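# Show me how the following folds:
(one chain, ligands or ions: 1)
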Amino acid sequence: MEITQTPLPGVLLLEPRRFGDARGFFSESWNRKNLEGHGITLDFVQDNHSMSAQVGTLRGLHFQSPPHAQAKLVRCGRGRLTFDVAVDIRKGSPTYGHWFGAELSFENGLQLLIPAGFLHGFITREPDTEIIYKCTDYYAPDCDGAVAWDSCGIDWDFEGPPLLSEKDAVATALANFDSPFTWDGEMA
Ligand SMILES: Cc1cn([C@H]2C[C@H](O)[C@@H](COP(=O)(O)OP(=O)(O)O[C@H]3O[C@H](C)C(=O)[C@H](O)[C@H]3O)O2)c(=O)[nH]c1=O
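Sure, this is the predicted structure:
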């Protein structure tokens, strides 16, 4: 497992090893020991899987507020996400409002680790793109929140309007958003 730091402390890019042979490949998509060796312990309790049929489907920018904040480990099962994006929304964080995006695809097998206190969103670049991600807390609709996809200065590099859910089309702009997260002075 290759682990790469990103400009956002706590947001990591992971590359599990793929064992290729004449049949295809095998890969351990998650092994708790890989991150524990780096001092990171994550107790995932829920796996999510979504499929977006249309190119340019944009889901985000979402979070769950405390006490049900979620860290997420995101990968692309089929197709291509560019980008999968994390935005720091921890009040007092030196990187508050900063974003990082990575291309996640079936081809590259990359995974993005997004700590609690960050927004998550993505846009798809191929039809029928599937995203699979692990979460450290259960779905809590009352804690579900969204920030407008076009209010964080993210360069989505996409021509034309994305396909949005009704919820995402009316989400609050970051400038008007009162984050429920506070930076604790530590790495995420
Ligand atoms: C997130 C979630 C949703 N649902 C139900 C609620 C709705 O009836 C339906 C679709 O939910 P939503 O439109 O919020 O799905 P997405 O727009 O893909 O939202 C997700 O996309 C972004 C990128 C995320 O990181 C979050 O996990 C999540 O917010 O699934 C559940 O039953 N359990 C869940 O954990």
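
# quick one: buried residues of the helix or strand of the chain with the lowest mean pLDDT?
Ranking every helix and strand in the chain by mean pLDDT, DSSP states H and E puts helix 32-36 at the bottom, with a mean of 92. Of all the residues in helix 32-36, those buried under the rule 16 or more other Cβ atoms under 10 Å are Asn34, Leu35. C-betas here are computed from N, CA, C, even on glycine.

# can you check stretch 132-144 too?
Ile132, Tyr133, Lys134, Cys135, Thr136, Asp137, Cys143.

# ok, which residues in this structure are in contact with the ligand?
Counting by Cβ under 6 Å from any ligand atom, the chain comes close to the ligand at Asn48, Ser50, Arg59, Gly60, His62, Lys72, His120, Gly121, Tyr139, Ser165.

# what kind of secondary structure is the fourth one in?
Under the three-state scheme (DSSP: H, G, I helix; E, B strand; the rest coil), Gly60 adopts strand.

# Quick check: the closest residue to it other than its chain neighbours vs Met1, distance?
In this structure, Gly60 finds its nearest non-sequential neighbour in Gly121, 1.8 Å apart by Cβ to Cβ, 6 or more residues apart in numbering. Gly121 sits 25 Å away from Met1, going by Cβ to Cβ, to the nearest Å.

# Mind checking which of the two has more residues around it?
Gly121 (26 against 16; other Cβ atoms under 10 Å).

# Just confirm that one contacts Phe63, I think it does.
No - with contacts counted by Cβ atoms under 8 Å, Gly121 stays clear of Phe63, the gap being 9.8 Å.

# give the contact list for the residue nearest to Gly60.
Leu58, Arg59, Gly60, Leu61, His62, Asp84, Val85, Val87, Trp149 (Cβ atoms under 8 Å, 6 or more residues apart in numbering).

# From Arg59, how far off is Ala175?
22 Å.

# more crowded one of these two?
Set Ala175 next to Arg59 and count neighbours by other Cβ under 10 Å: Arg59 wins out with 22 against 10.

# Which residue is most remote from the mean position of this protein?
Within the chain, Ala22 marks the point farthest from the mean C-alpha position, 32.3 Å out by Cα atoms, centre = their mean.

# in a strand, that's where Arg75 is, yeah?
Yes - using three-state DSSP, the assignment for Arg75 is a strand.

# Quick one: neighbours of the nearest residue to it once chain neighbours are set aside, just the number.
Nearest residue to Arg75 in three dimensions, chain neighbours excluded: Gln111, at 4.4 Å (Cβ to Cβ, 6+ apart). For Gln111, the count of nearby residues is 25 (other Cβ under 10 Å).

# and Gln111, what is it in contact with?
Leu13, Leu14, Glu15, Pro16, Ser29, Leu73, Val74, Arg75, Leu104.

# Which of those has the largest number of neighbours?
Busiest of the contacts of Gln111 [other Cβ under 10 Å] is Leu104, holding 26 neighbours.

# Right, I'll call it a day here.
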